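**Student:** coordinates for the following, if possible.
(one chain, ligands or ions: 1)
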Amino acid sequence: MSRTATALAHANIAFSKYWGKRPYPGNYPAVPSLSLTLDAMTTRTTVTFDGALAADRLTLGGTVEAGRPLERVTALLDRVRAASGLRARAAVTSQNDFPTASGLASSASGFAALALAAVHASGLDWSLEQVSDLARRSSASAGRSLYGGFVELPAGPAEPTDAPLFARTLVPAADLDWRLLVVSLGDTRKDVSSSDGMVRTAAESPYYPAWLEVGPRLHDEVRSALLARDFERFGAAAEKSALAMHASAFAAGVIYWQAPTLQVLGAVRELRGRGVAVFATMDAGPHVKVLVRPVDAGPAAAHLRALPGVGRVFEAKGAEGAQLIPPSVGAET
Ligand code: DP6
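**Tutor:** Numbers count the residues shown, from 1 in each chain. This next block holds a predicted model:
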């Protein structure tokens, strides 16, 4: 007998950054973070528990994966098996509509869709909080992609714990229309994953303690500006959070930026100098995401598209959280 479910989840981009883990097991973030779940980037994942399988199997974008990606998937499935009493191995098929491992947050949408599909396929009747906690243990940013709109994930407690830690929506997508221009600087796979990058930053950066101090303060600023619907204060604090995160990583030799990254950052400042309210943020890759009001999105995108080294520029807006897809629609080949 096999049990199957398909789920869809979107990527999210953080405005106050999660960078660094608590020094105890369970993948608890060392700092709080706040993100927007985006309509433009989607992962669709089917999980089928099948008693006939000898091992878990992962197919990502049509390619069978082994090694670390499969291990991370199996670790999540093992938690679901332990909670549900199910012993069957699973076939996992996942498809992104954007490049994997390019700093466009594929692990967030991937683990969010995987967690929701796996929980449902196993027959567990879990709350969204429990699914978010499950996803967060595999990839903390994934804990946020279960939810729509502007989403907050708290830091893990200072003292070791195994208690649930999950995200929640602060402002639903339908309530606030702030946009992001995703400035893609090529499809190169990044050399240092965000997990490895933050572990190296914690171990080797003289500025990691400074990040742990400033990250939560900037988070409070981002959060309060969001709740006040103060776009400019929100954008300014978000850009500072990204720069502080990257500065701490730089000092450990973890450098995600490429030459076009600086060029786009310069163009964002120049636009700001001309009175256009645009703010930049970057994750574990060279790409730049530019926060913009809907009215400025078209002209700002046209300006950025004309820069050397810039590939695609696409506009994203807030989306709903992860969803299950009915079996008739979700049936996989
Ligand atoms: C820079 O969630 O990918 O995008 O928990 O180790 O899987 P793991 O890390 P991950 O880190 C995301 C880091 C970031 C900032 C953010 O999304 O908050």
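
**Student:** mean confidence for stretch 71-79?
**Tutor:** Mean pLDDT, computed over stretch 71-79, is 98.

**Student:** buried set for that stretch?
**Tutor:** For stretch 71-79, burial by neighbour count (16 or more other Cβ atoms under 10 Å) applies to R72, V73, T74, L76, L77, R79. (Each C-beta comes from the backbone N, C-alpha and C, glycine too.)

**Student:** quick check: A30 touching K21?
**Tutor:** Yes - proximity of A30 to K21 meets the contact threshold set by Cβ atoms under 8 Å, at 5.7 Å.

**Student:** give me the common contacts of these two.
**Tutor:** Listed as contacting both A30 and K21 by Cβ atoms under 8 Å, 6 or more residues apart in numbering are G156, A202.

**Student:** in the stretch 51-200 of the chain, what residue spans correspond to strands?
**Tutor:** 57-60, 63-65, 89-96, 150-153, 168-171, 179-183 (DSSP state E, counting those that start in this stretch).

**Student:** any chance of those strands in CSV, plus mean pLDDT?
**Tutor:** Below are these laid out as CSV (pLDDT from 0 to 100):
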stretch, mean pLDDT
strand 57-60, 96
strand 63-65, 96
strand 89-96, 96
strand 150-153, 99
strand 168-171, 98
strand 179-183, 95
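
**Student:** ranking the ones you listed by burial, who's on top?
**Tutor:** Highest mean neighbour count of the strands of the stretch 51-200 of the chain: strand 150-153, a mean of 26 (counted as mean count of other Cβ atoms under 10 Å).

**Student:** dump it to CSV, restricted to CA.
**Tutor:** Provided in CSV are the C-alpha atoms of strand 150-153 (Å, rounded to 0.1, in the frame of the first residue of the first chain):
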residue,chain,number,x,y,z
PHE,A,150,5.1,38.9,6.2
VAL,A,151,6.3,36.2,8.5
GLU,A,152,8.4,36.2,11.7
LEU,A,153,10.5,33.4,13.1
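
**Student:** what lines up beside it in the sheet?
**Tutor:** strand 33-50 (antiparallel), strand 168-171 (antiparallel) (DSSP bridges).

**Student:** mind putting these into JSON lines with distance to L304?
**Tutor:** Shown next, in JSON lines, are the strands paired with strand 150-153 (distance: least, Cβ to Cβ, whole Å):
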{"stretch": "strand 33-50", "distance to L304": "15"}
{"stretch": "strand 168-171", "distance to L304": "26"}
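
**Student:** point out the most buried one among these.
**Tutor:** Most buried of those by mean neighbour count (mean count of other Cβ under 10 Å) is strand 33-50; its value is a mean of 24.

**Student:** from the chain's centroid, how far away is that strand?
**Tutor:** 9 Å (Cα atoms, centre = their mean, to the nearest Å).

**Student:** repeat that for stretch 25-44.
**Tutor:** On Cα atoms, centre = their mean, the centre of stretch 25-44 falls 4 Å from that of its chain.

**Student:** start to end distance for it?
**Tutor:** 29 Å (Cα to Cα, to the nearest Å).
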